[in-house]
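Peer 1: Got a predicted model here, sequence first, then my questions.
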Amino acid sequence: PQHFITSKPRFSSDVTFMPEVSNLESLVFPLKRLLDELQDFLRGRQLMVNQFTITLSHRNHGCREFTVLLASPDNDARMFLALSQLQLEKISDMPEVDNLLLSAKAFFEAETLSGDLFHGTRFRQKDGRIHSKAEEARAHQLINMLTARLGPQACFGLSLANDHRPEAAWRPIS
């Protein structure tokens, strides 16, 4: 019998502009199209992504690349667009753009969400707190927006460290 070979999924799609785009706000519409392609790619393969890279280039200038990081893997193009727009607002040294490239390399399997009969039901956790999927999604969206606006070094989680001193008993994790 032959061994079944599966290649790792990769996504790369670009848009080339005939007249150069000098206003970066004009890139929102083609970027939305690329992000919709990414969403279709992810949903068709039941995958999620926690980061993707956008490259702006021009034949006479150097490339400008930025990575959009997510708090947890997702496949929502609307959230991707909002985070990408926050990153585009930070760019000021790119005078013209003639190519827009979107690529993603690290993928995760999508969670299968089994719906409940009564949508929005709150579930009680083991520690007695009430938890819902909507609250978790809002928390991840807030973390994504803060990370996109402030940078990945400004937003981090805390973890226990192996130290008996209270001031050193924790460490930051990304």
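Peer 2: Good, I have the coordinates.
Peer 1: how about stretch 59-73: buried residues?
Peer 2: Across stretch 59-73, burial judged by 16 or more other CB atoms under 10 Å covers 68-71, 73. (Glycine included, C-beta is placed from N, CA and C.)
Peer 1: Check what contacts it and list those residues.
Peer 2: Stretch 59-73 has contacts (CB atoms under 8 Å, 6 or more residues apart in numbering) with 48-57, 79-80, 83-84, 87, 90-91, 93-96, 98, 108, 110, 140, 143-144, 147-148, 152.
Peer 1: Next: stretch 79-93.
Peer 2: Contact partners of stretch 79-93, identified using CB under 8 Å, 6+ apart, comprise 24-25, 27-28, 31-32, 35, 38-39, 52, 54, 56, 64, 66, 68, 70, 74, 141, 144-145, 148-149.
Peer 1: Which stretches in the protein count as strands?
Peer 2: 11-21, 47-58, 61-74, 97-104, 107-109, 123-124, 130-131, 157-160, 170-173 (DSSP state E).
Peer 1: for those, which one sits closest to Phe4?
Peer 2: For the strands of the chain, proximity to Phe4 was assessed by CB to CB; strand 107-109 is nearest, at 17.6 Å.
Peer 1: Now do the closest one: which elements does it pack against?
Peer 2: Other elements packing on strand 107-109 under the criterion 3 or more CB pairs under 8 Å, 6 or more residues apart in numbering; DSSP states H and E are strand 47-58.
Peer 1: Tell me which other helices or strands the strand it packs on touches.
Peer 2: The criterion is 3+ CB pairs under 8 Å, 6+ apart, and the helices and strands that strand 47-58 contacts are strand 11-21, helix 28-44, strand 61-74, helix 77-90, strand 97-104, strand 107-109.
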